[in-house]
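Visitor: Turn this into a structure:
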Amino acid sequence: MKRIILIWIILAVLVFALTFSRAKSDAVYCWDGLEVDEPLLQELCGISEEQYLSGDYDPDACPDAYQAVRMIGGCETDWSMVSNITAMVMTGFLMISALFFFARWLVKRWSQ
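Guide: Next up is the predicted model:
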C-alpha cells in the first residue's frame with residue numbers, strides 16, 4: 001500500500017508540474033496600440049492627438065507625423081487563469097484517483 005501511495009504522490013506532482021507549465025505558456029494575453037507624443041505632433045503638424053487618431057485625418061497631409069507616433073504593446077501571463085486551469089486538472093486527477101482507489105477496494109473486498 002505504501003508503494004501505491006508513493007506512486008500516486010509522484011504522479012500527482014508530475015501532473016501538477018506539467019499542467020502548471022503548460023497553462024503558464026497557454027494562458028497569455030497580448031495587446032497592441034499607439035502612443036502619440038502630442039507636443040511633438042503639435043510641433044510637426046499642428047494637430048492634436050484626437051485629430052490624428054480620428055478617421056478624418058489624411059496621413060499625406062503631414063508625412064512627418066510618424067515621428068510622433070510609436071507602436072506599443074506586449075504580452076502577459078494571466079495568472080488567475082493559470083491557477084484555475086491547474087486547479088481544475090488537479091481536481092479531475094483527484095476524482096480519477098478516488099475512483100481508482102474505490103475500485104481497487106471493491107475488487108479486494110469481493111475477492112476475499
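
Visitor: Would you mind measuring from the residue nearest the centre of the chain to residue 103?
Guide: Residue closest to the mean C-alpha point of the chain, counted by CA atoms, centre = their mean, is residue 27 at 2.0 Å. Counting by CB to CB, to the nearest Å, the gap from residue 27 to residue 103 is 34 Å. C-beta here means a position set from N, CA and C on the backbone, and glycine is covered the same way.

Visitor: Kindly report the same for residue 1.
Guide: With distances taken as CB to CB, residue 1 is found 15 Å from residue 103.

Visitor: More neighbours: these two, which one.
Guide: A side-by-side neighbour count of residue 1 and residue 103, using other CB atoms under 10 Å, places residue 103 first with 10 against 6.

Visitor: contacts for the worst-scoring helix or strand of the chain on mean pLDDT?
Guide: Scoring the helices and strands of the chain by mean pLDDT, DSSP states H and E places helix 49-53 at the bottom, with a mean of 86. Residues from elsewhere that reach helix 49-53 (CB atoms under 8 Å, 6 or more residues apart in numbering): 34, 36, 38, 41, 45, 57, 65, 69.

Visitor: any chance you could map the helices in this structure?
Guide: Taking DSSP state H to define them, one finds helices in the chain at 2-26, 38-45, 49-53, 79-111.
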